[in-house]
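**Student:** Sharing a model prediction with you, sequence too.
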Amino acid sequence: MPEIDKRALIARRVAKELHDGDVVNLGIGLPTLVANYLTSGVSIVLHSENGFLGIGPEPQQGFEDKDLVNAGGKPVTIQESGCCFDSAMSFAIIRGGHVDTTVLGALEVDEQGNLANWMVPGKRISGMGGAMDLVVGAKKIIIAMEHSNKDGSPKIVKKCSLPLTAQAEVDLIITEMAVIAVRQDGLHLMEIAEGILLEEVIAATGAPLLHSNGIIGTF
Amino acid sequence: MVKLCTAEEAVKDISEGMCIMVGGFLGVGTPDNLVQALVNQGTKNLTIITNDSAFPGIGVGKLQDGKQICKLYTSYIGGHPDSGKCMENGELNIILTPQGTLAEQIRAGGSGLGGVLTPTGIGTVVEKGKQKVVVAEKTYLLEEPLKADIALLKAYKADTSGNLIYRFSARNFNPLMAMAAKTVIVEVEEIVSAGAIEPDNVATPGIFVDFLVKGGKVYAGN
C-alpha cells in the first residue's frame, strides 16, 4: 500500500475513537491528519501544547500569523471559542487529566503498554518535548503508526529496547494493518484492515496477539 | 522601576558563566532582537534554560550556531542538528527535561517553592538520580526549582509600568520566566501609557520587569 494511503487509513480509523466534545491532543506528523477525518457531527477541542485550545485549520497562504503555530511550529488558526495560556497551564491541562485523548506516533510499543518515541541512542536525540507529560496525563493514549519499520522489523514488540517515554500507559494501537488494545493480560487484536490476513498481522507483530477466531472486526 | 533601553544596552551585563532564561517555543515568543544582541556581543559559556534549541538561524538556535552555550536545560533539540551532535561529543551538557516539568521547575523557582512532585518521567531515564516521593500510594519525582540571573523575554505589549500582555502561542514560557530571574528584560512590539492595558488583561504584573526594549513586530504582515 502506498505510504499516503496507509497514513490516511490510519488517521481515518483513529478519528472513529474520538467523541463529540472531547479535548484531544494530536502529535506531530501522522496524528495531525486525524482532524481531517472526524465523523460527521463530532466536534472536538484540539489542545496545542505550546499554549492554546481550539486549533483551527491551516491558514490560507499569505494569512499566516507568526504568533500562532502548532506544536510542530507550523502556522495554524485558532477557533472563535479558543483561548491562550502559558506553558504551566498547558501542562496542567495535560498532566491534570483534562485531555480526553492523545494520539502519538511511536518507535516501539510493547505488550505491557510501554512506549518509546523520543530517542534512538547513538543515532537520533530529539528530546521528549511534551510527549512524556502527554502519555502520563491524558485519559486515553492512542498510538497511530505504521505497523512495521522500513526494514520490515516489528514496531510492536514484547519489550521495548529503546529508552521509554512512559511505562504501561498505552491503551490502543492503530496501524494500517490492525487495531490492537493493550490490556493487563497482553495485546488484544480487535480489528484487521480490509484485505489483510490474520496470519499477516501475526507475522508482522513482535508480540503474541490474543484474539478470538472469527469475531475480529474489519476497518 | 522599569527602564527603557536598547537591545545592546540590555545584554551588556550578560557575562560568561551566567545562567539565562530565554522565552519561546520553536522561536515563537523568543525576543529576536535581544538574542541577536547577545549573538553580536559574543558572550560564551552560558547556561541557557529554554524550551527548545529551535532551528539553525532562528530564535535560541542562533546561540547554538555560535557555540555560546555550555549547559542547556531544555525539552527538545530535534530542530537543531548541532544540539544533538554537541551533546554526543560532550561539548555541550544538555539536561533533557519533559516540557511540563521544565515549566513547573521555572514556576517553582519564581514562586518560592522547594520543587514540584510530578508523575512524568517515572520508569524512564528522567528519574535517574532523583528523589521519589509517595503521596497517597502514587509515586512522584521531586523536581527541583530553576532560577536564572537574567531572563530574556518577549511580550506583545507593555505599559510604562512594565505590565505585559502576550499574543496567541507567543506566550508559552515567558510569564513563568518573568518570575524566576533576578533581572528581567522584555522585548515588546509596542509600549503604551500606564492604564492603557486593562488591569484584568495584564498577564504578567509589571513588578517582575526590569527593562523594556522596543522590538520589531513579528506577526503576519511583516
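**Tutor:** Good, I have the coordinates.
**Student:** Which residue ranges of chain A form helices?
**Tutor:** All helices of chain A, identified by DSSP state H, fall at A:3-15, A:87-95, A:131-137, A:198-204.
**Student:** Show the low-confidence segments of chain A, by residue range.
**Tutor:** A:213-214 (pLDDT under 70).
**Student:** Any idea how many residues pack against residue 113?
**Tutor:** No chain in the question, so chain A it is. The local packing of A:Gly113 (other Cβ atoms under 10 Å in any protein chain shown) involves 23 other residues. All C-beta atoms are positioned from the backbone trio N, CA, C, and that covers glycine.
**Student:** Sorry, I should have been clearer: chain B.
**Tutor:** Neighbour count of B:Leu113, defined by other Cβ under 10 Å: 13.
**Student:** Go through the helices of chain A and pick out the most buried.
**Tutor:** Among the helices of chain A, helix A:131-137 has the highest mean neighbour count (mean count of other Cβ atoms under 10 Å in any protein chain shown), at a mean of 28.
**Student:** Can you tell me what sits against it?
**Tutor:** A:25, A:27, A:49, A:91, A:94-97, A:99, A:102, A:104, A:115, A:117-118, A:141, A:165-166, A:169-170, B:98-101, B:119-122, B:124, B:126 (Cβ atoms under 8 Å, 6 or more residues apart in numbering or on different chains).
**Student:** Could you turn the buried ones of these into a ChimeraX selection?
**Tutor:** Typed into ChimeraX, the line below selects the buried ones among those, using 16 or more other Cβ atoms under 10 Å in any protein chain shown:
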select /A:25,27,49,91,94,95,99,102,104,115,117,118,141,165,166,169,170 /B:98,99,100,101,119,120,121,122,124,126
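**Student:** The contacts of helix A:131-137 in strands, which ones?
**Tutor:** Those of the contacts of helix A:131-137 mapping onto strands are A:25, A:102, A:104, A:115, A:141, per DSSP state E.
**Student:** Max pairwise distance over the residues you listed: which two?
**Tutor:** Farthest apart among those by Cβ to Cβ are A:Asn25 and A:Leu115. That separation is 14.6 Å.
**Student:** show me the contacts for A:Asp22.
**Tutor:** Counting by Cβ under 8 Å, 6+ apart, A:Asp22 touches A:44-45, A:100-101.
**Student:** same for chain B: which of the residues you listed are within range?
**Tutor:** Residues of those in contact with chain B (Cβ under 8 Å from any Cβ of the partner chain): none.
**Student:** Could you export those to JSON lines, including columns for neighbour count?
**Tutor:** Below are these laid out as JSON lines (neighbours: other Cβ atoms under 10 Å in any protein chain shown):
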{"residue": "A:Ile44", "neighbour count": "20"}
{"residue": "A:Val45", "neighbour count": "17"}
{"residue": "A:Asp100", "neighbour count": "18"}
{"residue": "A:Thr101", "neighbour count": "22"}
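**Student:** Could you list the single helix or strand in chain B with the lowest mean pLDDT?
**Tutor:** For chain B, the helix or strand with the lowest mean confidence is helix B:81-88, at a mean of 93 (criterion: mean pLDDT, DSSP states H and E).
**Student:** Distance from the chain centre to it, please.
**Tutor:** 20 Å (Cα atoms, centre = their mean, to the nearest Å).
**Student:** How about residues contacting it?
**Tutor:** Helix B:81-88 has contacts (Cβ under 8 Å, 6+ apart) with A:122, A:124-126, B:53, B:56, B:64-65, B:67, B:72, B:74, B:77-78, B:92-94.
**Student:** Name the next helix or strand downstream of it, please.
**Tutor:** On the C-terminal side of helix B:81-88, the closest following helix or strand by DSSP states H and E is strand B:93-96.
**Student:** quick one: buried residues of that following strand?
**Tutor:** Across strand B:93-96, burial judged by 16+ other Cβ under 10 Å covers B:94, B:96.
**Student:** Just confirm yes or no for that strand near chain A.
**Tutor:** Yes. Against chain A, strand B:93-96 shows contacts by Cβ under 8 Å from any Cβ at B:Leu96.
**Student:** so what secondary structure elements neighbour that strand?
**Tutor:** strand B:69-74, helix B:81-88 (3 or more Cβ pairs under 8 Å, 6 or more residues apart in numbering or on different chains; DSSP states H and E).
**Student:** can you dump the C-alpha coordinates of it into PDB?
**Tutor:** Only the C-alpha atoms of strand B:93-96 are listed here, as PDB (Å, rounded to 0.1, in the frame of the first residue of the first chain):
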ATOM      1  CA  ASN B  93      25.900  19.500  28.600                       C
ATOM      2  CA  ILE B  94      22.200  19.100  27.800                       C
ATOM      3  CA  ILE B  95      19.700  18.300  30.600                       C
ATOM      4  CA  LEU B  96      16.700  17.000  28.600                       C
END
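**Student:** Just checking: what are the partner strands of it?
**Tutor:** Here strand B:93-96 has these sheet partners by DSSP bridges: strand B:69-74 (parallel).
**Student:** re earlier: which of the helices and strands packed on strand B:93-96 sits most buried?
**Tutor:** It is strand B:69-74: most buried of those by mean count of other Cβ under 10 Å, with a mean of 21.
**Student:** How about residues contacting it?
**Tutor:** Against strand B:69-74 from outside (Cβ under 8 Å, 6+ apart): A:127, B:44-53, B:63, B:83, B:92-97, B:102, B:146.
**Student:** hmm, try it at 7 Å
**Tutor:** For strand B:69-74, the external contacting residues (Cβ atoms under 7 Å, 6 or more residues apart in numbering or on different chains) are A:127, B:45-53, B:63, B:92-97, B:102, B:146.
**Student:** quick one, that strand and helix B:81-88 angle?
**Tutor:** On the basis of axes from the mean of the first three to the mean of the last three Cα atoms, to 10 degrees, strand B:69-74 is oriented at 100 degrees to helix B:81-88.
**Student:** residues near residue 180, how many?
**Tutor:** Picking chain A for this. 28.
**Student:** Chain B, not that one
**Tutor:** For B:Ala180, the count of nearby residues is 23 (other Cβ under 10 Å).
**Student:** Look up the closest residue to B:Ser75, ignoring the ones flanking it.
**Tutor:** Of all residues not flanking B:Ser75 in the chain, B:Gln99 sits nearest, at 4.0 Å (Cβ to Cβ, 6 or more residues apart in numbering or on different chains).
**Student:** Report the contact partners of the one you found.
**Tutor:** A:49, A:87, A:91, A:129-130, A:133, B:51, B:75.
**Student:** go again using 6 Å as the cut-off
**Tutor:** By Cβ atoms under 6 Å, 6 or more residues apart in numbering or on different chains, B:Gln99 lies in contact with A:129-130, B:75.
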